[in-house]
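S.K.: Sequence and predicted structure are below.
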Amino acid sequence: LEGSLECQIVNEKGLIPTGTPARLLAHLVNVGHHNHFCAQDDLLVELAAVAFPHGSLLGHSCDPTCVLSYSWGQLVGASPPRQVIYQAVRCVRDIQPGEEVTHSYVDIGQATRVRRSLLEQGYGFHCDCRRCKEPWENRDKYLEGNLYGEMAETHASTTSLMDKISQISDTAMWSDDLQEECNIWERLVSMMTPHLPETNLKLRSVRTHCLNSHLLSVNLVAAANHARMVSCVNAELYKTFHPRVAVDYLTLSELLLSLAECSNDEEEMKSLFKEAKDAIEFATAIVENILGDSLLQRCAELRERSSNVFAMSVTQSST
């Protein structure tokens, strides 16, 4: 299912006509608030709020059958030329006869209590989907639990740790020194890993901050180490066929190719090349199923780059 909606104006000046009843205005604002979409670019950065009547018909599930993606282009036949945003609805798994076509109104990589709170505040309903009704042990233990199978923020063994993590995280967020910021995030990872599973949301968040800080400081080795873990964890949390997972694995492959290109060690170069190639193929499989042409182009470019790295490793081996 694909559809597009040109951004329409109400009158020639783009204004709502004078005299429109206040009740109608309030209704339109409320409907727009509950039914608009945040169009994202290839890096999942939210760029615009857009209305898609067909997409608005889709129901919500925290275990959705579909994901949404967006592309930008010119409206065919428009004069003068006008830019249009396209929304695509793509299945992430087989849909059974009679099963509802759904997508998630919120980030599915969050704990149930967070998702439900966001849905109640933003959409006015309490979610009772299959995933939300699962027992905590099956549903959120891997997101909120510690290595002892208990809620990390309330269990005696990790309560003080979680409080300390929050305090130190604030220090890192406000630091003006990039190297100090990297060191703080690394310290937090070291503190958390003996007590929390890698799927714990707090640890995942800290690792992501750590990855981004190392990217900014151009420490590619450290960034790649965290990218490996973040991409693996997100593939588990988002069940593979999700834009977030594709972006993570493309980022990982670029880091690995950069390291391979800089390596003077033949075996290391070959190992990095193989790992990067696997990451590219994994990301490409996701992109081909659920995303558009722009990310496919990025996958093709990375494939070509990986071929060049392989050629370099062969040349080094022959010499």
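M.R.: That came in fine, so what should we check first?

S.K.: Only C-alpha atoms from now on, for both contacts and neighbour counts.
M.R.: Noted.

S.K.: show me where the protein has helices.
M.R.: 22-35, 112-123, 136-139, 141-144, 159-173, 178-192, 201-216, 220-237, 243-262, 266-290, 293-318 (DSSP state H).

S.K.: can you put those helices in JSON lines and add mean pLDDT, distance to Ile85 and mean neighbour count?
M.R.: Listed next are the helices of the chain as JSON lines, based on pLDDT from 0 to 100; distance: least, Cα to Cα, whole Å; neighbours: other Cα atoms under 10 Å:
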{"stretch": "helix 22-35", "mean pLDDT": "77", "distance to Ile85": "16", "mean neighbour count": "12"}
{"stretch": "helix 112-123", "mean pLDDT": "93", "distance to Ile85": "23", "mean neighbour count": "16"}
{"stretch": "helix 136-139", "mean pLDDT": "84", "distance to Ile85": "35", "mean neighbour count": "14"}
{"stretch": "helix 141-144", "mean pLDDT": "90", "distance to Ile85": "34", "mean neighbour count": "22"}
{"stretch": "helix 159-173", "mean pLDDT": "89", "distance to Ile85": "34", "mean neighbour count": "14"}
{"stretch": "helix 178-192", "mean pLDDT": "94", "distance to Ile85": "37", "mean neighbour count": "18"}
{"stretch": "helix 201-216", "mean pLDDT": "94", "distance to Ile85": "29", "mean neighbour count": "20"}
{"stretch": "helix 220-237", "mean pLDDT": "95", "distance to Ile85": "27", "mean neighbour count": "19"}
{"stretch": "helix 243-262", "mean pLDDT": "92", "distance to Ile85": "18", "mean neighbour count": "22"}
{"stretch": "helix 266-290", "mean pLDDT": "89", "distance to Ile85": "17", "mean neighbour count": "19"}
{"stretch": "helix 293-318", "mean pLDDT": "71", "distance to Ile85": "14", "mean neighbour count": "16"}
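
S.K.: show me the contacts for the residue nearest the centre of the chain.
M.R.: In the chain, the C-alpha nearest the mean C-alpha coordinate belongs to Arg244, at 2.9 Å (Cα atoms, centre = their mean). Residues near Arg244 by Cα atoms under 8 Å, 6 or more residues apart in numbering: 44, 234, 238.

S.K.: switch to 10 Å and redo it
M.R.: Going by Cα atoms under 10 Å, 6 or more residues apart in numbering, Arg244 touches 42-44, 109, 231, 234-235, 238.

S.K.: And the furthest pair within those?
M.R.: Asp42 and Gly109 (18.6 Å; Cα to Cα).

S.K.: if you skip the residues just before and after it, what's nearest to Asp248?
M.R.: Among residues not flanking Asp248 along the chain, Ser231 sits closest, at 5.2 Å (Cα to Cα, 6 or more residues apart in numbering).

S.K.: was I right about that neighbour contacting Leu250?
M.R.: Yes. With contact defined as Cα atoms under 10 Å, Ser231 counts as touching Leu250 (9.4 Å).

S.K.: Overlap in contacts, the two.
M.R.: Common neighbours of Ser231 and Leu250 (criterion: Cα under 10 Å, 6+ apart): Ala279.

S.K.: tell me the contacts of Pro197?
M.R.: Each residue near Pro197 by Cα under 10 Å, 6+ apart is listed here: 141-149, 203-204.

S.K.: Would you reformat those as JSON lines and include distance to Thr158?
M.R.: Shown next, in JSON lines, are the contacts of Pro197 (distance: Cα to Cα, whole Å):
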{"residue": "Lys141", "distance to Thr158": "14"}
{"residue": "Tyr142", "distance to Thr158": "15"}
{"residue": "Leu143", "distance to Thr158": "14"}
{"residue": "Glu144", "distance to Thr158": "11"}
{"residue": "Gly145", "distance to Thr158": "10"}
{"residue": "Asn146", "distance to Thr158": "7"}
{"residue": "Leu147", "distance to Thr158": "10"}
{"residue": "Tyr148", "distance to Thr158": "10"}
{"residue": "Gly149", "distance to Thr158": "11"}
{"residue": "Leu203", "distance to Thr158": "13"}
{"residue": "Arg204", "distance to Thr158": "16"}
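
S.K.: Closest to Gln297 out of the residues you listed?
M.R.: Of the contacts of Pro197, the one sitting nearest to Gln297 (Cα to Cα) turns out to be Arg204, at 28.9 Å.
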